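Visitor: Here is a sequence together with a model predicted from it:
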2 protein chains.
Amino acid sequence: MEAAISQVAAGRSYGSLSLREITREAGVVPASFYRHFKDMDELGLALVDETCQQLRKLIRAARTTQLPGDNMLSASVSTFLLYVNANRSAFHFLTRERYGGSAPIREAIAREIRGFVVDLAADFAKFPHFSQLPREDLEMLASLLVNTVVSILGDLLELPADHPDAKGAISDKLTKQMRVIVMGGLAWRPANK
Amino acid sequence: MEAAISQVAAGRSYGSLSLREITREAGVVPASFYRHFKDMDELGLALVDETCQQLRKLIRAARTTQLPGDNMLSASVSTFLLYVNANRSAFHFLTRERYGGSAPIREAIAREIRGFVVDLAADFAKFPHFSQLPREDLEMLASLLVNTVVSILGDLLELPADHPDAKGAISDKLTKQMRVIVMGGLAWRPANK
DNA sequence: CATGTAAGTAAACAAGTGTTCACATCGTGC
DNA sequence: GCACGATGTGAACACTTGTTTACTTACATG
């Protein structure tokens, strides 16, 4: 699994990786692959599972730690980006395969993202200001936020690993965009059609 | 070029296509490929160029036609989505390769998107309400809008080609999200840090 | 110690791959 | 009418690919 993910992080797309390339990098003979996965797709799904499981752990931790407050946004953004930097390869994989992968992989990632959106919408509902909105609108706001983060993530990962000032600019931009969304969300009225 | 794009629209990722598959679908012998492109990458770049050029044409037309008004947002969204539906394969290709493709292709698409963002920011500047904001903030708003459209586009293209009600739901969602962004943008103050 | 299971191995297979070459066929402009 | 450039052809090349087979090794559990 590490071999596969490191190849993807190095710029290859998962779909173009060959079973033999992976076993070669893993220092193992091709036939050994079948001891662990019956398919390249099965490997891919396992990678999605593992990376998303770790990410969910982080988010759950952040949710219990963090209190709503003034600088909640910029704090969340910077801890999230720290985590991304500590797990670049995993995010590379997810970003690449979100739309680029095979159908089952794309579906798995879409499912995970939908899960994040639903959770985030549930978080929103705890704020008095949002508790009046229908669930549909909360999810629409949540997906707007998540998509924004994911998009910026894609740009961030295109940068070389060590480029601190460009990273700072991107992190600023993300914070601002999230602020815009939050302000727009605060002004949102469900009847406003 | 049509052969390549149709394979991608059928679910394959461009990077996993073989030269021979493409020539086979094009009804031509493999050696003929080299009469037109020296590389698969060159083909890919040509596809990016062509599809984006067509898209720019549409946008330029829309810009001269459309007047600012009440239902400007939903009108833009629906004409854009109509265009997307008329050119599904092209957008499939762009969506897939935006992050999934080889480095030169990703860069080409990123360049195009940056172009759209800059143009859109210039459009914003014509509105009296936005004309005061620094260019940086306008581009940050523009990229938020563009990224939102692109994200929703990805979800839309995952649907089977004929699924009118799900499409309607997605188009509604996009319109709402754009409205949120616009309202957030109207509330935005550059000093607001 | 024995035994069973999980992991790795070497070799072989047909099939597909990118690229090259010399050669054929067309339509255009001189 | 003919030379030319662009396009297409068929064959050949050296490789890589996924998968299967029977065989070995490590190791924990009884």
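Guide: That came through fine. The shown structure was predicted, so the numbers you read here are calculated from the model rather than taken from an experiment.
Visitor: what's the host helix or strand of A:His92 in contact with?
Guide: If you go by DSSP states H and E, A:His92 is part of helix A:88-100. Outside helix A:88-100, the residues that touch it by C-beta atoms under 8 Å, 6 or more residues apart in numbering or on different chains are A:5-6, A:8-9, A:13-15, A:44, A:47-48, A:51-52, A:54-55, A:84, A:105-106, A:109-110, A:113, A:150, A:153-154, A:157, A:161, B:13, B:15, B:95-101, B:154. C-beta: built from backbone N, CA, C; applies to glycine.
Visitor: and the one helix or strand A:Leu157 maps to, what other elements does it pack with?
Guide: Assigned by DSSP H and E, A:Leu157 belongs to helix A:135-158. Applying 3 or more C-beta pairs under 8 Å, 6 or more residues apart in numbering or on different chains; DSSP states H and E, one finds that helix A:135-158 contacts helix A:72-86, helix A:88-100, helix A:103-125, helix A:164-187, helix B:103-125, helix B:135-158, helix B:164-187.
Visitor: Apply 6 Å and report the result again.
Guide: For helix A:135-158, the contact count by 3 or more C-beta pairs under 6 Å, 6 or more residues apart in numbering or on different chains; DSSP states H and E identifies helix A:88-100, helix A:103-125, helix A:164-187, helix B:164-187 as packing neighbours.
Visitor: where does the residue nearest the centre of chain A land on pLDDT?
Guide: The centroid of chain A falls nearest to A:Val150 when counting by C-alpha atoms, centre = their mean (5.8 Å). We have a pLDDT of 97 for A:Val150.
Visitor: Tell me if the helix or strand of chain A with the lowest mean pLDDT is near chain B.
Guide: Of all helical and strand segments in chain A, the minimum by mean pLDDT, DSSP states H and E falls on helix A:72-86, at a mean of 91. No - Helix A:72-86 is not in contact with chain B by C-beta under 6 Å from any C-beta of the partner chain; minimum separation 9.7 Å.
Visitor: Then stretch A:28-42?
Guide: No - Stretch A:28-42 lies out of reach of chain B by C-beta under 6 Å from any C-beta, never closer than 10.6 Å.
Visitor: Look through chain A and tell me its longest helix.
Guide: If you go by DSSP state H, chain A has its longest helix at helix A:40-65.
Visitor: could you check the angle helix A:103-125 makes with it?
Guide: 10 degrees (axes from the mean of the first three to the mean of the last three C-alpha atoms, to 10 degrees).
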